[in-house]
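**Q** here is my input; please provide its structure:
(one chain, ligands or ions: 1)
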Amino acid sequence: MSSYPAVRLRRTRASGWSRRLHAENTLTPADLIWPLFVTEGQGMEEPIKSLPGVSRWSVDGIVARGREARDLGIPCVALFPNTPAHLRSDDGREALDPDNLMCRAVRALKDAVPEVGVLTDVALDPYTSHGHDGLVDAAGYVVNDTTADVLIGQALVQAEAGADIVAPSDMMDGRIGLIRAALEQGGHHNVQIMSYAAKYASAFYGPFRDAVGSRGLLKGDKKTYQMDSANAEEALREVALDLAEGADTIMVKPGLPYLDIVRAVKTRFEVPVFAYQVSGEYAMIEASAAVGAGDRDALVLETLMAFKRAGCSGVLTYYAAHAARLLSA
Ligand code: PBG
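**A** A predicted model of the protein is given here:
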């Protein structure tokens, strides 16, 4: 008798029905958050060169995307404003105007499609003339505590406009506790905080900075506040602090190059973890597809499933609508 393997793992892979039956993870439109860029005007669509296929939309177009999200089963959209140049300043005070572009977009979305969640970014970079996420001192250092004071005000105007989730992406120390306290005092008990707890100083953010118009403005880099890509233990400390301060959910960013961090956070803390498939990751897939190195749709679905496998509850991705269409086809 010829010898044979006692276990044949290929047996359950041999047909499509069996592969479906044995899938350990699932990917559905409900796993996706769709980031959208907002611009001034009416009837405006501005394509972003370094993000082929992604545009900035004026508020009416944002509302149309909100309806599209609802129809595709995408539970939540994330908003980022491209603030007109004349409204950017050293102190980013435009972030505190209850009628700024961001707040108008939030209100319009919540009026038109209240069943779709709206996530807003808390950080000053779309509003500052120097492109940093906070206030800068004479030496060019982003100062922590005075920045946090401004972020509190920013989160409050967003919550008052109707934001369902505020997502501080600034990496200042202590801001989650301050924002939570301000939201509670303001009566916004059910406004969630998704903390960008482990956000790395990354070369993958380039196209995003084009999209919000901060790339050309940015002086220096963000390494004094965003994390060093060499570090993982430090990410766990960031997450522990943000959870203790009242964060509801945790975000890791960028995504694919940091899935080890996602898994470590999930295993250690057993809380909902999200990851951001950032602009440079999107651009990488587009570049790959453009030269015929890979199949776009397959790359999109494989990368998104990788986030789920690593432990993500959901993924922020510019592919959200595209992926949702692929998944419901
Ligand atoms: C800044 C912010 C950035 C992104 C989201 N919020 C860029 C940065 O930190 O410079 C990047 C998202 C992306 O690249 O898609 N507050």
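**Q** which parts of the stretch 101-250 of the chain sit against the ligand?
**A** Within the stretch 101-250 of the chain, the positions near the ligand by C-beta under 6 Å from any ligand atom are 121, 123, 125, 133, 169, 205, 208-209, 222. C-beta here means a position set from N, CA and C on the backbone, and glycine is covered the same way.
**Q** among those residues, which are in strands?
**A** Among those, DSSP state E puts Asp121 in strands.
**Q** would you list the residues of the stretch 101-250 of the chain next to the ligand in a markdown table and tack on pLDDT and neighbour count?
**A** As requested, these are exported to a markdown table (pLDDT from 0 to 100; neighbours: other C-beta atoms under 10 Å):
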| residue | pLDDT | neighbour count |
| --- | --- | --- |
| Asp121 | 98 | 24 |
| Ala123 | 98 | 26 |
| Asp125 | 96 | 27 |
| Asp133 | 97 | 27 |
| Ser169 | 97 | 18 |
| Tyr205 | 96 | 23 |
| Phe208 | 94 | 25 |
| Arg209 | 92 | 18 |
| Lys222 | 97 | 21 |
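**Q** let me know the closest of the residues of the stretch 101-250 of the chain next to the ligand to Ser89.
**A** The shortest approach to Ser89 among those belongs to Asp125, at 12.6 Å (C-beta to C-beta).
**Q** thought the closest one was touching Val136?
**A** No. Asp125 lies out of contact with Val136 (C-beta atoms under 8 Å); the separation is 11.4 Å.
**Q** and the gap between the residue of the stretch 1-150 of the chain found nearest the ligand and Gly92?
**A** Using C-beta to the nearest ligand atom, the closest approach of the stretch 1-150 of the chain to the ligand is made by Ala123 at 3.4 Å. Between Ala123 and Gly92 the computed distance is 9 Å (C-beta to C-beta, to the nearest Å).
**Q** what of Ile176?
**A** Applying C-beta to C-beta, the value for Ile176 to Gly92 is 19 Å.
**Q** just Lys308 next, same as before
**A** When distance is defined by C-beta to C-beta, Lys308 is 36 Å away from Gly92.
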